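Visitor: Sequence and predicted structure, then a few things I'm wondering about:
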Amino acid sequence: MSDQSFQTLGEFIIDKQEDFMYSTGELSRLLSAIRLASKVVNREVNKAGIANIIGKVGNENIQGEEQQKLDVLANEIFIEALSQREVVCGIASEENDDYIEVKTVENAHLSKYVVLIDPLDGSSNIDVNVSVGTIFSIYRRVTEPGTPVGLEDFLQKGVNQAAAGYVVYGSSTMIVYTTGKGVNGFTLDPSLGTYYLSHPCMEFPKTGKIYSINEGNYIKFPQGVKDYIKYCQQEEDDRPYTSRYIGSLVSDFHRNMIKGGIYIYPSTSQSPNGKLRLLYECNPMAFLAEQAGGKCTDGFRRIMEIEPTELHQRVPFFCGSTTMVEKAEEFMARAEKS
Ligand SMILES: O=P(O)(O)OC[C@H]1O[C@](O)(COP(=O)(O)O)[C@@H](O)[C@@H]1O
Ligand SMILES: [Mg+2]
Ligand SMILES: [Mg+2]
């Protein structure tokens, strides 16, 4: 089957506009801006070793993490692409302390969308040529278009997302996203610079044999997580499961969605809310997981029902094949009672 027979992402975005009765095309233009930015980041990631974009910049972001050069570059590329078009009125990013009100183009304040991004996910893997990603979450603002953007436009429950997705810069580069009508994946043909629909209607297998967790933190994990890891390693039924942990949320999630599996970043004795950020890591992945028939909780509560209180707040994260997440929750509830 030649490239031409695959639907392009551009065609798909336009076609799917009809799904929304009163569509103005604004969301389509916003998704197209993300598509463009992902190609620019892809070009930089592919030549990272020879383009002096490996290593640290020497600053810390608001999370207290040392920023990698590619964190900063990817952040600039996405903010540039989004703020040069009248598609968003506000942007929040892992790499910016506060949200940005877009004033670079005349009518940006009339836009009804805000975007939250993790411009480069899996930063610890940049220097070692292991796949990394970008994560995005899109909301309709709650304040009136034409009025100043406010924090309340960003601090919305995940259930309010208009769209969410990720880009994985791996052996091939893919965009995977949802607008609440299923999950579709598109592969970039670098020779043409075009994304093609390669993974229509992606679905999490109901169960799987892969568990993804940083076992190096084992002693700091809650008892319920320790018990679940033991369960995964027992020789019984279809177990032991296989342990796979890339250390890039996007890549671990992507593999588990295709093969069946669970990714866990729990609370630890040091960080009671774990590491991952609710608004631009957990909510978008939860929206995708649920749209693909999977499940996503903090071990007890549905991630997308959590009421956000801060832009960079963290939550424990259990995400993947429904049966596996429910089993992990069983161990969490049991440990909680004992
Ligand atoms: O090294 P750890 O503690 O296991 O953390 C790895 C996790 O942290 C992250 O790198 C956090 O994301 P960022 O790289 O965007 O900060 C996830 O992608 C990954 O799953
Ligand atoms: Mg991340
Ligand atoms: Mg990041």
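Guide: Good, I have the coordinates. Ligands and ions are numbered 1, 2, ... in the order given.
Visitor: Show the contacting residues for Pro266.
Guide: Taking CB atoms under 8 Å, 6 or more residues apart in numbering as the criterion, Pro266 is in contact with Ile213, Phe221, Pro222, Val225, Gly274, Gly299, Pro316, Phe317, Phe318. C-beta here means a position set from N, CA and C on the backbone, and glycine is covered the same way.
Visitor: Could you report the pLDDT at the third one?
Guide: When you say that, I think you mean Pro222. We have a pLDDT of 98 for Pro222.
Visitor: number of nearby residues for Tyr245?
Guide: Tyr245 has 16 neighbours, counted by other CB atoms under 10 Å.
Visitor: actually Asn59, not the one I wrote
Guide: 11.
Visitor: What of the one 3 residues further on?
Guide: Ile62: 12 surrounding residues under other CB under 10 Å.
Visitor: my guess is it contacts His312, does it?
Guide: Yes: the pair formed by Ile62 and His312 meets the contact definition of CB atoms under 8 Å, at 5.7 Å.
Visitor: Parallel or antiparallel, list what pairs with the host helix or strand of Phe318.
Guide: Counting by DSSP states H and E, the element that carries Phe318 is strand 317-320. When sheet partners are counted by DSSP bridges, strand 317-320 sits next to strand 262-265 (antiparallel), strand 295-297 (antiparallel).
Visitor: Highest mean neighbour count out of those strands?
Guide: Mean neighbour counts were compared across these using mean count of other CB atoms under 10 Å; the top stretch is strand 262-265, at a mean of 26.
Visitor: For ligand 3, tell me whether the helix or strand just after that one is touching it.
Guide: In the C-terminal direction, the helix or strand that comes right after strand 262-265 (DSSP H and E) is helix 283-291. No: residues of helix 283-291 contacting ligand 3 under CB under 5 Å from the ion: none, with a closest distance of 12.5 Å.
Visitor: Just send the strands paired with strand 317-320 back as CSV, with distance to Pro200 too.
Guide: Listed next are the strands paired with strand 317-320 as CSV, based on distance: least, CB to CB, whole Å:
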stretch, distance to Pro200
strand 262-265, 23
strand 295-297, 22
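Visitor: can you redo those as CSV with distance to ligand 3 and mean pLDDT?
Guide: Conversion of these to CSV gives the following (distance: least, CB to the ion, whole Å; pLDDT from 0 to 100):
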stretch, distance to ligand 3, mean pLDDT
strand 262-265, 13, 98
strand 295-297, 19, 98
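Visitor: what's the closest of those strands to Gln161?
Guide: When the strands paired with strand 317-320 are compared for distance to Gln161 using CB to CB, the nearest one is strand 295-297, at 12.5 Å.
Visitor: Residues touching that closest one, excluding its own?
Guide: When contacts are taken as CB under 8 Å, 6+ apart, the neighbours of strand 295-297 outside the stretch itself are 282, 285-286, 289-290, 302-304, 317-322, 325-326, 329.
Visitor: In this structure Tyr113 contacts Arg85, no?
Guide: No: using CB under 8 Å as the test, Tyr113 is too far from Arg85 to be in contact (11.1 Å).
Visitor: Next, show the common contact partners of these two.
Guide: Both Tyr113 and Arg85 are in contact with Leu30, where contact means CB under 8 Å, 6+ apart.
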